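Asker: Quick check, what structure comes out for this input:
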Amino acid sequence: MNRGKLPKPQGIGMTSQRTRARMVERLRKEGITDEAVLSAMGAVPRHVFVEEALASRAYDDDALPIGFSQTISQPYIVARMIEALRAGRELGKVLEIGTGCGYQAAVLAHLASEVYSIERIAPLLMKARVNLRALRLGNLRLKHCDGNLGLPEAAPFDSIVVAAATRQVPPALLQQMAPGGRMILPFGTSVQVLRLVERTRSGYIETSLDAVRFVPMLVGVE
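Answerer: The predicted model follows:
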C-alpha cells in the first residue's frame, strides 16, 4: 500500500507554506532531528484542524482546544512522539489511540505504510473525518471504539502512539504490538512523562522520556 500523498499546501499569511517552514525551523532548533518527521510536519496544514477563530495560532507551539474537553497537541510534542517512535526505523503499520481532530493521524499517514486511528467520542471523530477529507489519505482508516481495547482485528502493529495519559499500559495494546514493535504514550496522572515501550524477544523494555501534560485516557465510548 502506498503512503499518503498530501496535496500542495495552499493559502497565504498564517496558512502559507512559509509559515509552516518557520514552524519546522523552530522544531529543528528545539531538538527535532528526524528530517522525515520535519518534512511531514511541514507538509500537513495544521490550520485545517483547528477552529477558524484559532487559525492565526495554528502554527504556534501551543496545544489548542478542539471541543469536547480535548485539545490538539502542540507541534513539538507531536514531532517528539513520532521521532521517538521511529528512532531510525520505519513506522510500518501504526495504531493511533485518540484521533482527536485528525492532525497527528495525518502526520503519521505521511510516514507510515498504514495508519489505523481510534477515537472514543463519535462527534469528534466525525469532525476529524471532515478535516481529513481534503487530504485524501488512502492509507488512513478511522474507527469509533474504546482505545483501551486497541484494534485486534487489524493487529499486530509495528508502532502504537497513544494521545491520552494512562496510569498503566493497557494490556490489549501490549498484546497487539508486533515483535520488535514500539509504543509511545503519556504515563501518569498529576505528573506525566512520555514512556517508550519496546517489545523484544524476552519481553518489554520501558524507557521514560520527557515530561508532558495530556488529557486522561477514559474507558468506553460516547
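Asker: Just the buried residues of stretch 55-65, please?
Answerer: In terms of neighbour count (16 or more other CB atoms under 10 Å), stretch 55-65 has its buried residues at 55, 58, 59, 63, 64. Where you see a C-beta, it was placed from the backbone N, CA and C, and this is true even at glycine.
Asker: Keep only those of those that are in helices.
Answerer: Among the buried residues of stretch 55-65, the subset assigned to helices under DSSP state H is empty.
Asker: Which member of those is positioned nearest residue 38?
Answerer: Closest approach between the buried residues of stretch 55-65 and residue 38, by CB to CB: residue 59, at 13.8 Å.
Asker: measure the closest residue to that closest one other than its chain neighbours to residue 203 for me?
Answerer: Counting by CB to CB, 6 or more residues apart in numbering, residue 59 lies nearest to residue 23, which is 4.5 Å off, once chain neighbours are set aside. In this view, residue 23 and residue 203 are 39 Å apart by CB to CB, to the nearest Å.
Asker: Now the phi/psi pair for the residue nearest to the spatial centre of the chain, please.
Answerer: The centroid of the chain falls nearest to residue 104 when counting by CA atoms, centre = their mean (3.5 Å). The phi and psi torsions at residue 104 (degrees, to the nearest 10) take the values phi -60, psi -40.
Asker: Give the full set of residues in contact with it.
Answerer: Contacts of residue 104 were listed using CB atoms under 8 Å, 6 or more residues apart in numbering, and they are 73, 78, 81, 82, 96, 161, 163.
Asker: closest to residue 142 among those?
Answerer: residue 96 (9.3 Å).
Asker: isn't the closest one right up against residue 115?
Answerer: Yes - counting by CB atoms under 8 Å, residue 115 is a contact partner of residue 96 at 6.4 Å.
Asker: what touches both of these two?
Answerer: 105, 108.
Asker: and residue 141, how far is that from residue 174?
Answerer: In terms of CB to CB, residue 141 sits 22 Å off from residue 174.
Asker: Next: residue 108.
Answerer: From residue 108 to residue 174 the distance is 20 Å (CB to CB).
Asker: If you count surrounding residues, which of those two has more?
Answerer: Neighbour count, other CB atoms under 10 Å: between residue 108 and residue 174, residue 108 has more, with 29 against 16.
Asker: That's all I had, so thanks and see you.
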